[in-house]
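A.B. asks: Next come a sequence and a model predicted from it.
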Amino acid sequence: MGKRVGIFGGSFDPVHNGHIHIVKSFLSSGLLDEILVLLTPDPPHKDLHAQAEFEDRFNMLKLAFSGLDNVRISDLETRLPKPSYTLQTVEYLQQKNPENTWYLCMGEDSLATFHTWHRYRDILNKVTLLAAERPGFSHPETAPEVLEKTIIVKHTPVKISSSDIRLKGRNDSLPSLPEPVAAYIRQHQLY
């Protein structure tokens with residue numbers, strides 16, 4: 001019998017307490033046995049390259065999630081052809097572990113633009129979407145076919161953004177970061 005595995009990807013530049021909180025919400029939903037946190041080397045939908053090198057972002061992810069059971073950090077997308085499309089990642093994971101049931105995890109706000117993802121219908125045919133709730137968020141722009149394949153997971157969002165953290169820089173107090181990540185940023189003079 002396979003596991004129920006959530007795929008939670010992103011550029012995590014840097015990983016912050018909001019990311020940890022959302023992963024905890026996915027795990028406490030009772031729908032998943034574990035979460036695979038995938039660091040995207042060069043997200044195709046982002047115009048700007050990450051501010052921190054891949055290795056630094058990967059190290060910060062390992063520090064941030066080191067205390068959580070049932071969370072695995074992966075650099076899989078560095079070994080797949082570029083650009084890093086979600087579909088090819090899902091297909092690779094399903095091929096390697098066909099016994100598992102795969103879910104794609106995201107914030108509820110991402111559902112509105114999911115129809116713009118590369119071959120999104122093919123993704124919907126392969127996985128169920130798990131979306132972390134954003135209270136008061138509605139779906140007027142979300143395609144009905146996307147909503148049909150989505151389970152909303154209870155979640156109380158934490159208002160933090162990686163771009164705000166990058167703008168504030170390492171010299172600012174970094175309460176929105178796990179302390180090991182804040183220490184890593186200061187030590188390696190990131191942002």
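C.D. replies: Yes, it's here.

A.B. asks: Let me know whether residue 106 touches residue 130 as I believe.
C.D. replies: Yes - the criterion here is C-beta atoms under 8 Å, and residue 106 meets it with residue 130 at 7.5 Å. In short, each C-beta sits where N, CA and C put it, glycine included.

A.B. asks: count of neighbours near residue 93?
C.D. replies: A count of neighbours around residue 93, defined by other C-beta atoms under 10 Å, yields 20.

A.B. asks: That one and residue 86, how far apart?
C.D. replies: Residue 93 sits at a distance of 11 Å from residue 86 (criterion: C-beta to C-beta, to the nearest Å).

A.B. asks: Repeat that for residue 99.
C.D. replies: From residue 99 to residue 86 the distance is 21 Å (C-beta to C-beta).

A.B. asks: who's more crowded, these two?
C.D. replies: residue 86 (26 against 8).

A.B. asks: ok, the more buried one - contacts?
C.D. replies: 9, 104, 117, 118, 123 (C-beta atoms under 8 Å, 6 or more residues apart in numbering).

A.B. asks: give me the element the last one is part of.
C.D. replies: With elements delineated by DSSP states H and E, residue 123 resides in helix 120-126, which encompasses its position.

A.B. asks: CA atoms of that helix as CSV?
C.D. replies: What follows is helix 120-126, C-alpha atoms only, in CSV (Å, rounded to 0.1, in the frame of the first residue of the first chain):
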residue,chain,number,x,y,z
TYR,A,120,-2.6,22.5,-16.3
ARG,A,121,-5.3,20.1,-17.5
ASP,A,122,-2.8,17.3,-17.6
ILE,A,123,-1.8,18.1,-14.1
LEU,A,124,-5.4,17.9,-13.0
ASN,A,125,-5.7,14.5,-14.6
LYS,A,126,-2.8,13.2,-12.5
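
A.B. asks: Among the contacts of residue 86, name the buried ones.
C.D. replies: Buried by 16 or more other C-beta atoms under 10 Å: 9, 104, 117, 123, out of those.

A.B. asks: Model confidence score at residue 173, please.
C.D. replies: pLDDT for residue 173: 60.

A.B. asks: Residues touching the lowest-mean-pLDDT helix or strand in the chain, excluding its own?
C.D. replies: Lowest on mean pLDDT, DSSP states H and E among the helices and strands of the chain sits helix 162-168, with a mean of 78. Residues from elsewhere that reach helix 162-168 (C-beta under 8 Å, 6+ apart): 11, 12, 13, 14, 15, 16, 51, 174, 176, 177, 191.
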